[in-house]
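**Q** Provided below are the primary sequence and the corresponding predicted coordinates.
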Amino acid sequence: MTSRLSSSSLLLTASVALVASLGGLWLLTPPKPLRDRLKGPDEAQGESEKVMDLDVYGEEGWWWSDPEFALMLVNSARIPYFDRTWKAKLPGEPRSESKYVDVGCGGGTATEALAKLGYKIVGVDPSEGAIEQGLTHAKEAGFDGVDYQVGSADSLPFEDSSITGVISSDVLEHLDDLHAALGEINRVLKPGGVFVFDTINRTRWSWLSTILVAQKWLRILPKDAHDWRLYITPAELQQGLITAGFEPSDMSEWVGMRPTLRWPHQGLYRLLFLGKGFGGLMDQWKMCGNDRSASYLGWARKPSVG
Ligand SMILES: C[S@@+](CC[C@H](N)C(=O)[O-])C[C@H]1O[C@@H](n2cnc3c(N)ncnc32)[C@H](O)[C@@H]1O
Ligand SMILES: *[C@@H]1O[C@H](CO)[C@@H](O)[C@H](O)[C@H]1NC(C)=O
């Protein structure tokens, strides 16, 4: 009797453990990648539309009310990379006279930082609320090297071959049709012009860190900020750039970047007493060499002739 009881309870425990671990595995498994990331979800192939909330970017106070805003912390890694790349690859191009464009500029976190370095730059974003906040902030801060315009990556409001440098930071992974966006960026660039960007690689690690932990568990990012299927591997992006007419740079010049964490005592204090939320555990971002397993920076040139 006792042995039958214990063997059945053993069986029960084993099945509960099995179901729990299968459930756990399922929770930790990223969705099925798209057949062709560069084209975007193909509904005829049963791939569902992207799940993404783009309205948050227009919300009042989204861009400039918090000096520790997540994208502001990324500036410490990305702005020096973009500036260094443009300086090195566009020698003799005066920053204050040439025209630079920030595609998907939002409220201008990166746009203003580049304007501060002397770039004459126009930010473009489909979110009217974001553009309004960019304009207001630039005016209040007294920047005149920066301007903003409503527009989308797949139809940029600029003439062919009219722009010296294009930046698109933290935007490509929000777009379904990358062929269209990269083609447009190539069209508006002058021959010899330079496109700089950062985006997120589609790895198990980026699923775990940005989707599961940052979006779902700790809510550091808005719930539907990203659709992991739209993340882009460096190889896919190189292919897309070539198709659009670019000469991508060598992969050794594409570098990873990642957030740093605050010291535990600092983080805990901020969490418990300053009500900063889990996002407050994070500090300035830094480059991390050839670790391109999540966010990475890169550049490509529109060829000078042909
Ligand atoms: C994570 S934010 C990045 C904002 C800004 N580049 C920065 O790094 O501070 C993504 C931005 O992409 C913009 N976006 C979404 N769809 C777009 C499209 N089709 N063309 C251009 N920008 C788009 C959103 O409105 C949002 O401002
Ligand atoms: C980027 O993602 C792809 C696909 O998961 C992977 O093969 C590649 O190794 C990743 N790159 C890095 C540097 O982690």
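**A** Received the coordinates, thanks. Ligands and ions are numbered 1, 2, ... in the order given.

**Q** any idea which element residue 270 lies in?
**A** Residue 270 belongs to helix 264-273 when assigned by DSSP states H and E.

**Q** in whatever helix or strand comes next after that helix, what's buried?
**A** Per DSSP H and E, the first helix or strand lying C-terminal to helix 264-273 is strand 282-287. By neighbour count on 16 or more other CB atoms under 10 Å, the buried set for strand 282-287 is 282-283, 285, 287. In short, each C-beta sits where N, CA and C put it, glycine included.

**Q** whichever residue of the stretch 1-150 of the chain sits closest to ligand 2 - how many residues pack around it?
**A** When scored by CB to the nearest ligand atom, the stretch 1-150 of the chain has residue 33 as its residue closest to ligand 2, at 8.4 Å. By other CB atoms under 10 Å, the residues close to residue 33 number 14.

**Q** need the contact list for it.
**A** Taking CB atoms under 8 Å, 6 or more residues apart in numbering as the criterion, residue 33 is in contact with 202, 229.

**Q** quick check: residues of this protein near ligand 2?
**A** Residues of the chain lying close to ligand 2 by CB under 6 Å from any ligand atom are 201-203, 233, 292-293.

**Q** can you put those residues in TSV and add distance to ligand 1?
**A** TSV is the format used below for these (distance: CB to the nearest ligand atom, whole Å):
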residue	distance to ligand 1
201	16
202	16
203	19
233	19
292	18
293	19
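
**Q** just for the stretch 101-250 of the chain, where's the confidence low?
**A** Within the stretch 101-250 of the chain, no stretch has pLDDT under 70.

**Q** that one: strands as residue ranges?
**A** 121-125, 146-150, 163-169, 189-200, 247-248 (DSSP state E, counting those that start in this stretch).

**Q** redo the ones you listed as JSON lines? Include mean neighbour count.
**A** Below are the strands of the stretch 101-250 of the chain laid out as JSON lines (neighbours: other CB atoms under 10 Å):
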{"stretch": "strand 121-125", "mean neighbour count": "26"}
{"stretch": "strand 146-150", "mean neighbour count": "19"}
{"stretch": "strand 163-169", "mean neighbour count": "25"}
{"stretch": "strand 189-200", "mean neighbour count": "22"}
{"stretch": "strand 247-248", "mean neighbour count": "16"}
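
**Q** could you dump these to a markdown table with distance to residue 215?
**A** Output for the strands of the stretch 101-250 of the chain, formatted as a markdown table (distance: least, CB to CB, whole Å):
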| stretch | distance to residue 215 |
| --- | --- |
| strand 121-125 | 21 |
| strand 146-150 | 27 |
| strand 163-169 | 19 |
| strand 189-200 | 12 |
| strand 247-248 | 30 |
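
**Q** dump these to a markdown table, plus distance to ligand 1.
**A** Output for the strands of the stretch 101-250 of the chain, formatted as a markdown table (distance: least, CB to the nearest ligand atom, whole Å):
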| stretch | distance to ligand 1 |
| --- | --- |
| strand 121-125 | 5 |
| strand 146-150 | 10 |
| strand 163-169 | 4 |
| strand 189-200 | 8 |
| strand 247-248 | 20 |
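
**Q** which stretch among those comes nearest residue 91?
**A** Across the strands of the stretch 101-250 of the chain, the minimum distance to residue 91, taken as CB to CB, is reached by strand 189-200, at 10.8 Å.

**Q** who does that closest one touch, helix- and strand-wise?
**A** Secondary-structure packing of strand 189-200 (3 or more CB pairs under 8 Å, 6 or more residues apart in numbering; DSSP states H and E): helix 70-89, strand 163-169, strand 295-301.

**Q** just the residues of this structure that are near ligand 1, which are they?
**A** 54, 57, 71, 103-106, 109-110, 125-127, 130, 152-154, 169-171, 174-175.

**Q** of those residues, buried ones?
**A** 57, 103-106, 109-110, 125, 127, 130, 152-154, 169-171, 174-175.

**Q** sec struct for residue 65, please.
**A** State at residue 65, reduced to three classes by DSSP: H, G, I helix; E, B strand; the rest coil: coil.

**Q** and the nearest residue to residue 41 once chain neighbours are set aside, what does it touch?
**A** Distances taken as CB to CB, 6 or more residues apart in numbering place residue 47 nearest to residue 41, at 4.2 Å, with adjacent residues excluded. Residues near residue 47 by CB under 8 Å, 6+ apart: 34-35, 41, 229.

**Q** now, the most widely separated pair of those?
**A** Across these (CB to CB), the longest gap, 10.4 Å, separates 35 and 229.

**Q** for residue 190, see how far away the residue nearest to residue 41 is.
**A** From residue 47 across to residue 190, the span is 36 Å (CB to CB, to the nearest Å).

**Q** no more questions from me, cheers.
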